[in-house]
Each structure stands twice: as C-alpha cells, then as structure tokens.
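In: sequence and predicted structure, then a few things I'm wondering about:
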Amino acid sequence: MTPSPHDPVDPADPADPAVGTGTSGSTEPDVDAIFRNHGLRVTSQRRRVLAAIGRLQHTTPDQLSREVDADGGDALPLSTIYRNLDTLTELGVVAATRLTEGAPTYHLVQHATHLHLVCNRCGAITEAPLAVADELAEAVYDRDGFVADLRHLPVHGWCARCAPGRTEIPDRGGPEDHDHTHQHRA
C-alpha cells in the first residue's frame, strides 16, 4: 500500500506521551511537555506567540508581531518573534510554508490539513482539501518510491476570477526538459 501524504511525522500522535495530555481529551500536542522534553522553559513570550499563531492560523512574522503586540501584554521585539518561531519550528509545533515570494507563512502543525491555492495574478489564497493531492502523492511514490509530505503545499495557478480565457494548462515541459541531476542538501 502506498504511504499517505498525511502520514509522515505526525506531531499530534496520541501514542506520543507529549500529546493528548490536556483535560479536554484532545489530540493536540501538549506544548508544555514538548518543551520540557527538550529541556526548555515555556515562557510567557512563547505562550503569547503560540496563542497568536492559533488565532491567526496562517501568519507572517510581521503579522504575528502586530497580533502579539495587540494582546494586552508588553510589545515583543521582532527578533524575539523570529527566535520563538525558530524554536517552535525546530520542536515541530509550528511549520512554515512559502505561499509567496515574501516572508514565509507560519501555522500550527496540526493545522496542516490542506493545500493552498495561490493565484499568480491577484494573489488570492484559498484552501483545498489535502485529499485532492492523494493521486499526485501516489504517482510520485509509484514512480520514484518517494513519500511526499504534501501537507500545507502551495499550488500556484489562477483563481476562477483570473482564469477566464485560460483554456489550457501551461506547458510544464516533458521529461526531456528536466535535468534529473540535482544536489541533495546535507
């Protein structure tokens, strides 16, 4: 059976002792336990950053900074926002997606259940269920043995408003147009 794009590293795995320990019986990660397991403290700054990400769902560092500054607490320097985002990303609580050429967009990992449809013309961003990419993930696995993690994948194209008159899919080039030699990151 082909591995699902939904399967790779699930930080909300109920079998993980750092998950599902809340009183609500939820399967959301117990962030306090994740921090303790890594020898880190859960500071008020980290709590404020996490709460703001939860409220915004998708946020750039600048948007996050404004949201944190508006929560009634002391303003946090942008450098503190970035340090917290780095730490939360390293711990697997938060993930980043590049939706545009600008700053990455951050989200809670358990929110990574959809694709982003990004319009090349007007910049509109909408969501599509992750299941629409299942055939792509299966084809990549069947062809290359590669297990794709498509959670929160940005898909660039044209929205319904901008697409009228576009009756064909842009040429993506055939295999002969693609150099399969590439560098792997160490």
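Out: Here it is on my side, so go on.

In: once you drop chain neighbours, what's closest to residue 81?
Out: Among residues not flanking residue 81 along the chain, residue 65 sits closest, at 4.9 Å (C-beta to C-beta, 6 or more residues apart in numbering). The way it works is simple: take the backbone N, C-alpha and C, and place the C-beta from them, glycine included.

In: how many residues are close by that neighbour?
Out: 20 (other C-beta atoms under 10 Å).

In: wait, is it part of a helix?
Out: Yes: under DSSP: H, G, I helix; E, B strand; the rest coil, residue 65 sits within a helix.

In: now do the contacts for it.
Out: By C-beta atoms under 8 Å, 6 or more residues apart in numbering, the contact list for residue 65 reads 76, 78, 81.

In: ditto for residue 122
Out: Contact partners of residue 122, counting by C-beta under 8 Å, 6+ apart, are 159, 161-162.

In: check which helix or strand covers it.
Out: Counting by DSSP states H and E, there is no helix or strand that carries residue 122.

In: mind checking how far it is from residue 131?
Out: 26 Å (C-beta to C-beta, to the nearest Å).

In: swap in residue 62?
Out: If you measure residue 62 against residue 131 using C-beta to C-beta, the figure is 32 Å.

In: ok, now residue 125?
Out: 19 Å.

In: how about the strands in the chain?
Out: Assigned by DSSP state E, the chain shows strands spanning 94-97, 105-108, 114-119, 125-129, 154-157.

In: dump those to JSON lines, plus distance to residue 139 and mean neighbour count.
Out: Below are the strands of the chain laid out as JSON lines (distance: least, C-beta to C-beta, whole Å; neighbours: other C-beta atoms under 10 Å):
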{"stretch": "strand 94-97", "distance to residue 139": "22", "mean neighbour count": "18"}
{"stretch": "strand 105-108", "distance to residue 139": "26", "mean neighbour count": "22"}
{"stretch": "strand 114-119", "distance to residue 139": "16", "mean neighbour count": "18"}
{"stretch": "strand 125-129", "distance to residue 139": "18", "mean neighbour count": "12"}
{"stretch": "strand 154-157", "distance to residue 139": "15", "mean neighbour count": "13"}
